[in-house]
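In: Quick one, what's the 3D model for this:
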Amino acid sequence: MSEQKTLSTRVVDKMYNNDPFSKWLGIERVEDGAGLSVLRMTVRQEMLNGFAVAHGGVSYSLADSALAFAANGHGIQSMSIETAISHTKKVLEGDTLTATAKEISLTTRIGIYQIDITNQKNEIVGLFKGTVYRTGKEWEV
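Out: Residues are numbered from 1 along each chain as shown. So this is what the prediction gives:
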């Protein structure tokens, strides 16, 4: 388990360090693991839409990063092939969002993940589901 965690962290380090968009979002990595990722970020003014609520793409992008980190945490290069989100509650400037990605199913070629997005009150603000294709190619870390 400890060895796998080390691999997961090394893979996610490599991904995150080469991901300017996740850095721009202000994503903080809370937990890395094989099939697991917990990320946190705070919504800034420039992330709001014309209704003064967070653009839906903000929570989507946070969840998409959690999907990528969780899926690739096994050490096999994986990429999303289908994603969907349901926005369940509005998100405002200053809200702190946490995305928790959990592996639902894993085969040699396909992984399915559920990502719950919560605010600082632990209220669900979004539900994201992602399917990834596992290339079979190992990460070089």
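In: Next, the contact list for the residue nearest the centre of the chain, please.
Out: Taking C-alpha atoms, centre = their mean, the centroid of the chain lies closest to residue 66, which sits 1.3 Å from it. Contacts here follow C-beta atoms under 8 Å, 6 or more residues apart in numbering; on that basis residue 66 touches 37-39, 99-101, 115, 128. C-beta coordinates here come from the backbone N, C-alpha and C atoms, glycine included.
In: So which of the residues you listed are in strands?
Out: 37-39, 99-101, 115, 128 (DSSP state E).
In: what two of those residues are the furthest from one another?
Out: Greatest spatial distance in these: 38 and 128, 13.6 Å, computed using C-beta to C-beta.
In: Looking at these two, which is more packed in?
Out: residue 128 (23 against 19; other C-beta atoms under 10 Å).
In: what about the helices in the chain?
Out: In the chain, the helices defined using DSSP state H lie at 2-17, 20-25, 56-72.
In: in this protein, what spans have low per-residue confidence?
Out: Counting by pLDDT under 70, the chain has low-confidence residues at 1-5.
In: Would you mind putting the CA coordinates of stretch 117-125 into CSV?
Out: What follows is stretch 117-125, C-alpha atoms only, in CSV (Å, rounded to 0.1, in the frame of the first residue of the first chain):
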residue,chain,number,x,y,z
ILE,A,117,-18.1,18.4,-5.2
THR,A,118,-18.9,20.0,-1.8
ASN,A,119,-18.7,23.6,-0.5
GLN,A,120,-17.3,24.7,2.9
LYS,A,121,-20.6,23.8,4.6
ASN,A,122,-20.2,20.2,3.3
GLU,A,123,-23.2,20.7,1.0
ILE,A,124,-23.1,18.9,-2.3
VAL,A,125,-22.9,21.5,-5.1
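In: buried ones in it?
Out: 117-119, 125 (16 or more other C-beta atoms under 10 Å).
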